[in-house]
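In: Let's see this in three dimensions:
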Amino acid sequence: MLDLIILSLHYFICFLISVAIWRAPKDVDLHSSGTGGAETEPDGLVFIGKEEDIKKSQRITAKVDGREIVVFYHEGKCHALDSRCYHEGGPLCRGEIEDIDGQACIVCPWHKFKITLETGEGLYEGINPLEPSPTPKWQSKGVKQRIHKVTIDNGNVYVSPPDLSVSFDSDYYAEKYKNGGELATGK
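Out: Residues are numbered from 1 along each chain as shown. The predicted structure follows:
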């Protein structure tokens, strides 16, 4: 009887693991060192994938110089950002894209922080208490999230390695998860 319980428990655990693997985002692990099939071009650009594939999936997570990034395809354009939110490291690859005041923003799934895809600015809705009848307006916290330059050439998508001479709030979590080995899985 004990053997049957252990065997049943074993199959149940295997089932849970297979469901977790099946539901996980389809990530690509690219290293600019040239290992694992990644190609670093002579001009330093790192090959991320085919434009058609990224258009179909709408987003792809990859590593550039060991740093997790996420590339979004939204309204005809590719945008690349650090994959972890500047606030507390939430996985942006699992966030939803919303239009806020005419700007496409990724919404962090953990705490709903809003980040513009184009500039990496953090947005918040605030009021000016000095106005006679204050109404909430979207305002910028400044650039918080590192963005990465995307280049598309002959249907191939490339990302420039980050310029680390300038610091951004998202750098803390990018560095924290750099050697963790997990691509934005939400842990």
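
In: Quick check: residue 95 touching residue 111?
Out: No - with contacts counted by C-beta atoms under 8 Å, residue 95 stays clear of residue 111, the gap being 10.6 Å. (C-beta placed from N, C-alpha, C; glycine too.)

In: Give me the more crowded residue out of these two.
Out: Taking other C-beta atoms under 10 Å, residue 95 and residue 111 do not tie; residue 95 has more neighbours (22 against 10).

In: got the phi/psi numbers for the more buried one?
Out: For residue 95, the backbone dihedrals are phi -80, psi 170 (criterion: degrees, to the nearest 10).

In: can you offset everything so residue one is 39?
Out: Okay, residue one is now 39; in that scheme the one you just asked about reads as residue 133.

In: mind checking how far the spatially most central residue of the chain is from residue 81?
Out: For the chain, the residue whose C-alpha lies nearest the mean C-alpha position (C-alpha atoms, centre = their mean) is residue 121; its distance is 2.9 Å. To residue 81, residue 121 is 24 Å away according to C-beta to C-beta, to the nearest Å.

In: in this structure, what spans have low per-residue confidence?
Out: Applying pLDDT under 70 to the chain flags residues 45, 48-49, 52-80, 217-225.

In: follow-up on the earlier one: hang on, the residue nearest to the centre of the chain packs against residue 108?
Out: Yes - with the criterion set as C-beta under 8 Å, residue 121 and residue 108 qualify as a contacting pair; they are 4.2 Å apart.
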